[in-house]
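Q: sequence and predicted model, in that order:
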Amino acid sequence: VQLQASGGGLVQAGGSLTLSCAASGLTFSTYALGWFRQAPGKEREFVASIRQYGWRTAYADSVKGRFTISRDNAKNTVYLQMNSLKPEDTAVYYCAARQVGSGRDPAEYEYWGQGTQVTVSS
């Protein structure tokens, strides 16, 4: 199983980025997907998730209304559209997949991508 995250970069506060995570080696449509982030010196934290059935989404309070998670099962890809970015959004962003449940605990996710750096300048 491989999850390949991309789309990170440097952006000014107020700007936008879209992250992508392409998956292979798994039956993508049967997995819930999540985005997490980890800033230097901090623990990895939940950002957003999307279920495999019904595609219900969940967001951390800190990104609600600014970020949107979506998936394209035909392309085996999950996206994170990030708008109105703030300096505190600076982190390495990781995508993850789990087949059972769709919670916010990173320990419950089975597979992880390598991470993509997002830096928001003030």
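A: Looks like it arrived, so ask away.

Q: need phi/psi at Glu88.
A: Dihedral pair for Glu88: phi -70, psi -10, per degrees, to the nearest 10.

Q: what is the neighbour count of it?
A: 11 (other Cβ atoms under 10 Å). To be clear about C-beta, it is placed using only N, CA and C from the backbone, and glycine gets the same treatment.

Q: same thing with Lys75?
A: When neighbours are defined as other Cβ under 10 Å, Lys75 has 12 of them.

Q: and it, how far from Ser20?
A: Distance, Lys75 to Ser20, by Cβ to Cβ, to the nearest Å: 9 Å.

Q: try Arg104
A: Arg104 is 21 Å from Ser20, where distance means Cβ to Cβ.

Q: same question for Gly115.
A: Taken as Cβ to Cβ, the span from Gly115 to Ser20 is 13 Å.

Q: Ile50 too?
A: Ile50 is 14 Å from Ser20, by Cβ to Cβ.

Q: between these two, what contacts are shared?
A: Val78 (Cβ atoms under 8 Å, 6 or more residues apart in numbering).

Q: who does the most centrally placed residue in the chain bridge with?
A: Nearest to the geometric centre of the chain sits Trp35, at 2.2 Å (Cα atoms, centre = their mean). For Trp35, the beta-bridge partners are Ala48, Cys95 (DSSP bridges).

Q: now Gly9
A: Val118.

Q: that one touches Leu17, doesn't it?
A: Yes: with contact defined as Cβ atoms under 8 Å, Gly9 and Leu17 form a contacting pair (6.3 Å).

Q: name the residues contacting each of the two.
A: Common contacts of Gly9 and Leu17, defined by Cβ under 8 Å, 6+ apart, comprise Val118.

Q: between the two, who's got more neighbours?
A: Higher neighbour count among Gly9 and Leu17: Leu17, with 21 against 13, using other Cβ under 10 Å.
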